[in-house]
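Colleague: Generate coordinates for the sequence data below:
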Amino acid sequence: MLEPTGRTYKVEKTEEQWREELAPEEYSVLRNAGTERPFTGEYNETTTEGVYACRACGSELFTSETKFTSHCGWPSFYTPLAEDRVEYIEDDSLPGRPRVEVRCANCGSHMGHVFEGEGYDTPTDQRYCINSISMTLRPAQA
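Modeller: Modelled structure (predicted):
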């Protein structure tokens, strides 16, 4: 289960409710801060235009306009749709390698991590490394 942040979310459910609504793989990542295997996610290489929403609550978090190819194995974005759409949690789960976890600010579900200073040619020099299974792509209307 995710570490509590002490924050109240607009979407609050019991773990039993989350288990009923999410597939086991989704629950593992979204509610237990798991990680899907690299290069296996459905959105890793997609170039479809649209908005990426939290798979747990539907909150819009990222757009295809900020998605870039990082060759890391997971979809990468250089910024969220808006800063109030995500929250950041210090993650010391890997000894000697502190990271910053990215969660949906609407429901507290785990999305992935954000890294800085890796040298990608993006406007922010940040890489939001997000699990495909944490999101749903809503294609742009043609």
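Colleague: what comes up buried for the lowest-mean-pLDDT helix or strand in the chain?
Modeller: Using mean pLDDT, DSSP states H and E, the weakest-scoring helix or strand in the chain turns out to be strand 86-91, at a mean of 93. Buried residues in strand 86-91, counting neighbours by 16 or more other Cβ atoms under 10 Å, are found at 86, 87, 89, 91. No exception for glycine: its C-beta is placed from N, CA and C like everyone else's.
Colleague: With stretch 20-39 instead?
Modeller: Here stretch 20-39 shows 22, 26, 27, 28, 29, 30, 31, 33, 35, 36 as buried, counting by 16+ other Cβ under 10 Å.
Colleague: Which elements pack onto the least confident helix or strand of the chain?
Modeller: Strand 86-91 is packed against strand 99-104, strand 110-116, with contacts defined by 3 or more Cβ pairs under 8 Å, 6 or more residues apart in numbering; DSSP states H and E.
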